[in-house]
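Q: Generate a structure from the sequence data that follows.
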Amino acid sequence: MRIDANGNVGIGTTAPAAKLDVNGNLYVSSIGTSSDTAINIRGPNQPTNYASFKDISYSFDSAGSARIRGSRGGGWNTNLDFLVTDTSATLQTLIHLNGQYGRVGIGTTAPLSAGLHIDIGSTNTTNWWLDGGNNMIITNPTGDSAIKLASQNSHITFGNGTTGDFLTIGSRDSAGSATEMLYMDNNGNVGIGGTPAAGRKLHVYGTLSAGYDIPIRRW
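A: Numbering: from 1, shown residues only. Next comes the predicted model:
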């Protein structure tokens, strides 16, 4: 054990870099009731929010780190974040737990509404969140957003796709290029081969062929 001139204590090291610097394994136990706290990391009462954060850091020589970050809110509420470094050694928040509103953010520290908010990031700005009721909301502030069910050769898409607010059914070729073939708008109009014209319940682009007679009735 080493105590230097600054009052730093080193265990397993002769050059402690903090008030307590342990080189080796550290074992902490608490014998008692289940409510006992084994390790208590205390932060300041002021300032509030992220300016008061304290980290538990897992660092690696000549590499990045992973951290668990705690911060206080505006009152008794607290926040908990899980952070990792990317390939450019920039620290990124992957998961954020907001104690004030009961929100969970993945890829964002400002989750929208109540429940879960997923922000995929700058390369794909689609946001997913639950509005606190029975709705899952998907938005993309810079482009199109949709729910897509896809296999290798086909896909079904609902949302604000490349052709507007339609339910679409399409296919994909071996190179992954998609072709939308059937469209239904929010007025119940159906288009085959393209979007339906206004007021047309069924709009077919191309030749229409039927194996049987098609009765046409007008009211």
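Q: how about low-confidence regions in this structure?
A: 31-38, 113-114, 120-165, 172-174, 176, 218-219 (pLDDT under 70).
Q: beta partners of the spatially most central residue of it?
A: What sits nearest the mean C-alpha location of the chain, by C-alpha atoms, centre = their mean, is residue 118, with 2.4 Å. Counting by DSSP bridges, residue 118 forms beta bridges with residue 106, residue 128.
Q: And for residue 69?
A: residue 55, residue 81.
Q: Against residue 105, how distant is the residue nearest to the centre of the chain?
A: Between residue 118 and residue 105 the computed distance is 8 Å (C-beta to C-beta, to the nearest Å). For glycine as for every other residue, the C-beta is placed from the backbone atoms N, C-alpha and C.
Q: ok, the residue nearest to the centre of the chain to residue 71 distance?
A: For residue 118 relative to residue 71 (C-beta to C-beta), the value is 21 Å.
Q: the domain parsing of this protein - what is it?
A: Per automatic domain parsing, the structural domains of the chain span 1-40, 144-219.
Q: In three-state terms, label residue 170 for me.
A: Here residue 170 is recorded as strand under DSSP: H, G, I helix; E, B strand; the rest coil.
Q: wait, residue 14 sits on residue 3?
A: No - applying C-beta atoms under 8 Å as the test, residue 14 and residue 3 come out as separate, 10.5 Å apart.
Q: Straight-line length of stretch 109-118, end to end?
A: Start-to-end span of stretch 109-118 (C-alpha to C-alpha, to the nearest Å) is 10 Å.
Q: Tally up the residues packed near residue 25, please.
A: Residues lying near residue 25 (other C-beta atoms under 10 Å) number 6.
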